[in-house]
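Enquirer: What shape does this take:
(one chain, ligands or ions: 1)
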Amino acid sequence: MARSVLAIDIGGTKILAGVVAESGEVLSRAQVATGAGEGPGPVIARIVAAARTALQQAGQPVERVGVGCPGPLSVREGLVLSPPNLPGWNRIPLPSILERELGLPVAFDNDANLAALGEYRFGAGHGARCLLYVTVSTGIGGGVVLEGRLWRGPGEMGGEIGHVVVRPGGPRCSCGRAGCLEAIASGPALARATGLPSAREVVAAAREGDARALAVLREAGQALGQALAVGAGFLNPDRIVLGGSVALGAGDLLFGPLMATLEEALLPEARAGLQVLPAALGGDAGLLGAAALALAEG
Ligand SMILES: [Zn+2]
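Expert: Next up is the predicted model:
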């Protein structure tokens, strides 16, 4: 029988659990509201209940469990630290709690790392030897997959391209410094720079020809291109995958200036073997990423 794993995607509003086959086929799924405001105890009880429902529905044994959880978290220590999306959580040993409850080995990681692994195994990163994954939404995060393994780094900051400084002395970032990529190209940064309520409206205004919105998106695309050119100039990846609601929603408005900047910045040898693609997994990205982690650990 083909291997299958249990995948759990924990979000601020919903928890999704599913049994996923090695092929990426989702064999069962159970979804519940997170109810994050109630704190860790009730949320963990709902995670376990959703996991048991998904296991029962699939009706076949699984080898391992993969869990995607909002960060910050420490994979090395096996702790969820204090995610803004999960109020009341503080250094919760979620993997060991779930191992005890489910009787299965549990691996976990943050959303961006798992999206990188999911795209590598099942999506737009398939077949890559070195994949840089970047997600642009409320924040900017990412992941690096080298020869099939996620590169986390000693400080678990591998792939965190959002805090690469691209405009020294530029806009103030949530990390306390100035000019980080996230302070220029994230959804909230685009809204702030145009005075519009959200990135979605910035994109809509740009599509109607609004000069300010077009300029802000062009600058964001260039900043993304600059940061990626540093990563790609240094690592010589064969694939870059761009995901996240802002990047996918803006489409060519971001990809155009991003690609132009990347083309100009990279030496021809570094450019030659590089494909840049939009993320392919869509709504199941979290679940498939968690499945990819469990399969990679097995
Ligand atoms: Zn920063």
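Enquirer: From now on I want contacts and neighbour counts done on CA atoms only, so please keep to that.
Expert: Will do.
Enquirer: which helices and strands sit right next to the longest helix seen in the chain?
Expert: In the chain, assigned by DSSP state H, the helix with the most residues is helix 211-235. With contacts taken as 3 or more C-alpha pairs under 8 Å, 6 or more residues apart in numbering; DSSP states H and E, helix 211-235 sits against helix 182-185, helix 187-194, helix 199-207, helix 252-265.
Enquirer: now do 6 Å
Expert: Identification of packing neighbours for helix 211-235 by 3 or more C-alpha pairs under 6 Å, 6 or more residues apart in numbering; DSSP states H and E yields helix 199-207, helix 252-265.
Enquirer: Would you mind listing the buried residues in the first one?
Expert: Right, the one you point to is helix 199-207. 199-200, 202-203, 205-206 (16 or more other C-alpha atoms under 10 Å).
Enquirer: I'd say Val65 and Ile8 touch.
Expert: No. Using C-alpha atoms under 6 Å, Val65 makes no contact with Ile8, being 7.6 Å away.
Enquirer: just the helices in the chain please.
Expert: Using DSSP H, the helices of the chain run over residues 40-58, 94-102, 111-122, 182-185, 187-194, 199-207, 211-235, 245-250, 252-265, 268-272, 285-297.
Enquirer: Tell me which of those helices is the most buried.
Expert: helix 182-185 (a mean of 31; mean count of other C-alpha atoms under 10 Å).
Enquirer: Any residue of it touching the ion?
Expert: No. Helix 182-185 stays clear of the ion (C-alpha under 5 Å from the ion), getting no nearer than 6.2 Å.
Enquirer: for that helix, packing partners?
Expert: Helices and strands touching helix 182-185, by 3+ C-alpha pairs under 6 Å, 6+ apart: there are none.
Enquirer: I'd like the average pLDDT over that helix.
Expert: For helix 182-185, the mean per-residue pLDDT is 97.
Enquirer: Pull the residues that contact that helix.
Expert: 140, 162, 171, 173, 189, 220 (C-alpha atoms under 6 Å, 6 or more residues apart in numbering).
Enquirer: closest to the ion among these?
Expert: Cys173 (4.6 Å; C-alpha to the ion).
Enquirer: Leaving out sequence neighbours, find the closest residue to that closest one.
Expert: Nearest residue to Cys173, sequence neighbours excluded (C-alpha to C-alpha, 6 or more residues apart in numbering): Ala183, at 4.9 Å.
Enquirer: Ok, Ala270 next?
Expert: Ala270 sits nearest to Asn236 (C-alpha to C-alpha, 6+ apart), 5.6 Å away.
Enquirer: Distance-wise, check the one you found relative to the ion.
Expert: 24 Å (C-alpha to the ion, to the nearest Å).
Enquirer: Repeat that for Gly66.
Expert: 29 Å.
Enquirer: quick one, phi/psi of Ser137?
Expert: Main-chain torsions, Ser137, degrees, to the nearest 10: phi -150, psi -120.
Enquirer: so it touches Ser245, yeah?
Expert: Yes. With contact defined as C-alpha under 6 Å, Ser137 reaches Ser245; the gap is 5.3 Å.
Enquirer: Quickly list what's touching both of these two.
Expert: With C-alpha under 6 Å, 6+ apart, Ser137 and Ser245 have no common neighbours.
Enquirer: per-residue pLDDT, the most centrally placed residue in the chain?
Expert: The residue lying closest to the centre of the chain (C-alpha atoms, centre = their mean) is Ala112, at 2.2 Å. With respect to pLDDT, Ala112 scores 93.
Enquirer: Could you check how far it is from Thr261?
Expert: 24 Å (C-alpha to C-alpha, to the nearest Å).
Enquirer: do the same with Thr13
Expert: According to C-alpha to C-alpha, Thr13 and Thr261 sit 37 Å apart.
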